[in-house]
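> Have a look; sequence and predicted model below, questions after that.
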Amino acid sequence: MRKGQRAVVTGLDETAVATPLPAGELERRMIEMGLIEGARVEVLHEGFPGADPLAVRINDHTLALRRAEAHAVLVTLG
């Protein structure tokens, strides 16, 4: 997703991300941040350089998310 795009979360797949966290931990943390199925997501800002981190609105709150971790979030655009 690029800045300004909106989507709906359809699931999480932490196997798509290289992380030092134990299995299931990244998914647990993302759920705690509100990245649950059906959540509305919008990319507000991309950091510079490398477009990392991302400022993301999830439903009614905003958070920073590393681009590498964002690859674990499955979405449908629209």
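Looks like it came in fine.

> For the closest residue to Ala70 other than its chain neighbours, grab the count of nearby residues.
Distance criterion C-beta to C-beta, 6 or more residues apart in numbering; nearest residue to Ala70, sequence neighbours excluded, is Leu54 at 5.9 Å. The C-beta positions use only the backbone N, C-alpha and C, and glycine is treated the same way. When counting by other C-beta atoms under 10 Å, one arrives at 20 neighbours for Leu54.

> So which residues of this structure form helices?
All helices of the chain, identified by DSSP state H, fall at 25-32, 67-70.

> most neighbours per residue, which of these?
Mean neighbour count (mean count of other C-beta atoms under 10 Å) peaks for helix 67-70 among these, with a mean of 16.

> So what touches that helix?
Residues external to helix 67-70 that are found in contact with it (C-beta atoms under 8 Å, 6 or more residues apart in numbering): 1, 17-19, 26, 30, 50-54, 56.

> where along this structure do the strands fall?
6-12, 40-46, 54-58, 61-65, 73-77 (DSSP state E).

> Pull up the pairing partners for the second one, direction included.
With DSSP bridges as the criterion, the sheet partners recorded for strand 40-46 are strand 6-12 (antiparallel), strand 54-58 (antiparallel).

> now those strands in CSV, with mean pLDDT and distance to Ala70?
Below are the strands paired with strand 40-46 laid out as CSV (pLDDT from 0 to 100; distance: least, C-beta to C-beta, whole Å):
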stretch, mean pLDDT, distance to Ala70
strand 6-12, 96, 11
strand 54-58, 95, 6
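
> Show the contacting residues for Gln5.
42-43, 77.

> And those residues, which is closest to His71?
Among the contacts of Gln5, Val43 lies closest to His71 (C-beta to C-beta), at 13.4 Å.
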